[in-house]
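# here is the input, now give the coordinates:
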Amino acid sequence: MNKSSKDDIVVTGAGLITSLGSGVEKNLEAVKAKRTGIGFHPNPTMPSRLCWQGRVPDVEFPYWLDCGHRAQFKYLNRSAKLGLAAAGEAVANSQMEDSRISPERRGLFVATGDFTQEGCGFFMPAISQARKNRNDNSPGFAEELNVAALTEPSPFYILTSMHNNPFSFVSAAFDLRGDNAVFASHSPWGLRALIRAAESLEEDRTDMALVMACGSWVCDVAIYELEKLELLSGCRDGAASYRPFDRNRDGMLCGEGGAALILEKRKTATHRGIRPLAKFRGGGCAQILPGRPSSMSIEKSMEMAEDSAGRDRQPLCAAVLSGYGTAEGDRQELAAAASYLKDLAPETPVCGLRPYSGHMGAASDLADIVISVSSVRNGFIPATLNHSLAENEFDFLRISGEHRPVTEDTDLFLATSYGLTNHAGSAFFSMDGG
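All right, here's what the predicted structure looks like:
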């Protein structure tokens with residue numbers, strides 16, 4: 001469907017917090033300097049090869065947490081707090097709270113995939129209390145444990161483990177009462193939340209929407225699960241081991257963070273006097289049945305995004321891919337990109353941004369878009385960190401370990417993400433919104 005200018009969906013705010021720092025500007029500065037936020041974080045419960053992670057430094061939360069919301073802060077898990085920080089930045093940048101848009105016309109779309117509450121860590125205070133007077137095998141230990149279980153664990157454990165809890169907090173904090181949805185999963189559900197928000201705007205269910213994604217893959221349970229799935233790098237070269245699309249790749253490294261975007265109709269932004277950061281051209285999500293090559297899902301999502309954009313295939317300033325760094329995953333993603341781009345493939349810069357922060361689950365989908373928009377606006381296509389040599393099959397693709405300038409020909413880019421169950425999502429953005 002061709003979209004007229006009155007249907008334009010634009011980005012008017014962005015927020016980001018990763019292991020690179022808090023705020024879009026700090027993250028962009030780190031990317032410019034080709035600096036990674038992944039570091040060595042010793043953990044006595046796991047081997048050293050699993051201790052290379054992208055952990056977020058201390059978080060500075062916005063002023064509004066002191067305006068009646070501080071008491072509820074204890075109900076949020078770690079990644080929800082990171083998403084909240086990103087949402088606060090995006091809302092402030094877009095001047096949403098100063099707008100006269102009715103709360104019933106302001107939507108909220110959240111993707112969350114937090115693992116910090118997995119396991120039995122919440123129960124340790126009860127076990128420790130019961131062990132003060134008895135050992136595990138002594139008579140009466142079970143009774144001691146039952147009593148301690150009622151008083152020692154945090155009463156907020158259930159709330160902090162609920163995937164829709166950040167949605168409840170954010171909707172109240174920013175008075176968002178319009179169309180909404182929560183997606184509780186990993187990549188590519190950050191992109192799915194984004195596309196769902198755009199659909200809400202296009203169908204006139206909302207005038208403005210906050211899209212937020214958060215994730216934390218740095219806790220023990222998540223790390224061990226990903227290792228068993230053979231997705232993690234062996235870290236022979238520390239942080240430099242995360243090398244998407246390189247022939248010597250051997251897996252990804254994990255991170256945590258939050259990312260957010262404000263989408264609204266162009267006419268709304270114009271009426272408010274807000275200059276957009278970018279224009280959302282179109283997006284699509286697809287899933288080919290498990291057991292089939294992932295490339296089919298990825299290419300299908302690209303085609304759906306193109307159909308949504310209502311435009312013929314044309315040159316791109318960049319194709320931003322997931323870059324899990326696994327042998328087969330990257331091969332499928334590159335095959336899909338090459339097939340979709342066809343004759344444009346040798347001329348289109350291809351990059352993967354997740355080695356800068358570590359893979360953050362659903363948050364990485366939106367983080368890729370935030371960094372891509374900021375980079376293109378600043379005239380460069382980011383390098384794929386640690387990349388030096390492509391496989392022979394894909395050496396015609398323009399993958400580089402160095403930044404590339406944005407040419408004057410186009411500022412349109414494609415962002416793609418895929419997940420473990422053959423889900424894939426793609427979206428097009430351009431800078432002609434600002």
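
# strands of the stretch 301-434 of the chain, start to end?
Ranges of strands in the stretch 301-434 of the chain, per DSSP state E, counting those that start in this stretch, are 318-321, 349-352, 380-381, 398-399, 404-405, 413-418, 423-430.

# how far does the third one sit from the chain's center?
With Cα atoms, centre = their mean, to the nearest Å as the basis, strand 380-381 stands 20 Å off its chain's centre.

# where does this structure have low pLDDT?
The chain contains residues with pLDDT under 70 at 1-6, 59-72, 114-123, 126, 133-138, 153-163, 290-293, 433-434.

# try it again at 50.
1-6, 66-67 (pLDDT under 50).

# and the strands in the stretch 151-300 of the chain, which stretches?
Using DSSP E, counting those that start in this stretch, the strands assigned to the stretch 151-300 of the chain run over residues 180-184, 208-216, 256-265, 278-287.

# what is the orientation angle of the last one with strand 423-430?
When you say that, I think you mean strand 278-287. Computed with axes from the mean of the first three to the mean of the last three Cα atoms, to 10 degrees, the direction of strand 278-287 lies at 160 degrees from that of strand 423-430.

# which residues does the most centrally placed residue in the chain contact?
Nearest to the mean C-alpha position of the chain, counting by Cα atoms, centre = their mean, stands Ala363 at 1.8 Å. Applying Cβ atoms under 8 Å, 6 or more residues apart in numbering, we find Ala363 in contact with 18, 79, 82-83, 111, 113, 190, 213-215, 256-259. The C-beta positions use only the backbone N, C-alpha and C, and glycine is treated the same way.

# now with 6 Å?
Residues near Ala363 by Cβ atoms under 6 Å, 6 or more residues apart in numbering: 213-215, 257-259.

# now, among the residues you listed, which is nearest to Asn165?
Using Cβ to Cβ, Cys214 is the member of those that sits closest to Asn165, with 10.9 Å.

# the closest one bridge partners, please.
Under the criterion DSSP bridges, Cys214 forms beta bridges with Thr112, Gly258.

# kindly report the same for Ala415.
For Ala415, the beta-bridge partners under DSSP bridges are Val320, Ala427.

# and for it, the neighbour number?
For Ala415, the neighbour count with other Cβ atoms under 10 Å is 27.

# enumerate every residue touching it.
Shown in contact with Ala415 (Cβ under 6 Å, 6+ apart): 320, 368-369, 427.

# sorry, back to before: reformat the strands of the stretch 301-434 of the chain as a markdown table; add distance to Lys132.
What follows is the strands of the stretch 301-434 of the chain, written out as a markdown table (distance: least, Cβ to Cβ, whole Å):
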| stretch | distance to Lys132 |
| --- | --- |
| strand 318-321 | 53 |
| strand 349-352 | 50 |
| strand 380-381 | 59 |
| strand 398-399 | 58 |
| strand 404-405 | 62 |
| strand 413-418 | 48 |
| strand 423-430 | 48 |
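
# closest to Glu303 out of those?
Closest to Glu303 of the strands of the stretch 301-434 of the chain is strand 423-430 (Cβ to Cβ; 8.5 Å).

# who's in contact with that closest one?
Strand 423-430 is contacted from outside by 188, 191-192, 278-279, 281-287, 297-298, 301-302, 305, 309, 411-418, using Cβ under 6 Å, 6+ apart.

# go again with 7 Å.
Contacts of strand 423-430 with the rest of the structure, by Cβ atoms under 7 Å, 6 or more residues apart in numbering, involve 188, 191-192, 194-195, 278-287, 297-298, 301-302, 305, 309, 369, 373, 411-418.

# equivalent analysis for stretch 226-243, please.
Contacts to stretch 226-243, defined as Cβ under 7 Å, 6+ apart, come from residues 36, 38-40, 49-50, 52, 217, 249-254, 324-326, 355, 386-387.

# which among the residues you listed count as buried?
Among the contacts of stretch 226-243, those classed as buried by 16 or more other Cβ atoms under 10 Å are 36, 38, 50, 52, 217, 249-254, 324-326, 355, 386-387.

# where along the stretch 1-150 of the chain do the strands fall?
If DSSP E, counting those that start in this stretch is used as the criterion, the strands of the stretch 1-150 of the chain fall at 9-18, 21-22, 39-40, 52-53, 106-114.

# quick one: the ones you listed as a markdown table, columns for distance to Glu225 too.
Shown next, in a markdown table, are the strands of the stretch 1-150 of the chain (distance: least, Cβ to Cβ, whole Å):
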| stretch | distance to Glu225 |
| --- | --- |
| strand 9-18 | 22 |
| strand 21-22 | 28 |
| strand 39-40 | 21 |
| strand 52-53 | 14 |
| strand 106-114 | 12 |
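
# so which of the ones you listed gets nearest Asn146?
Smallest distance to Asn146 across the strands of the stretch 1-150 of the chain (Cβ to Cβ): 29.1 Å, for strand 106-114.
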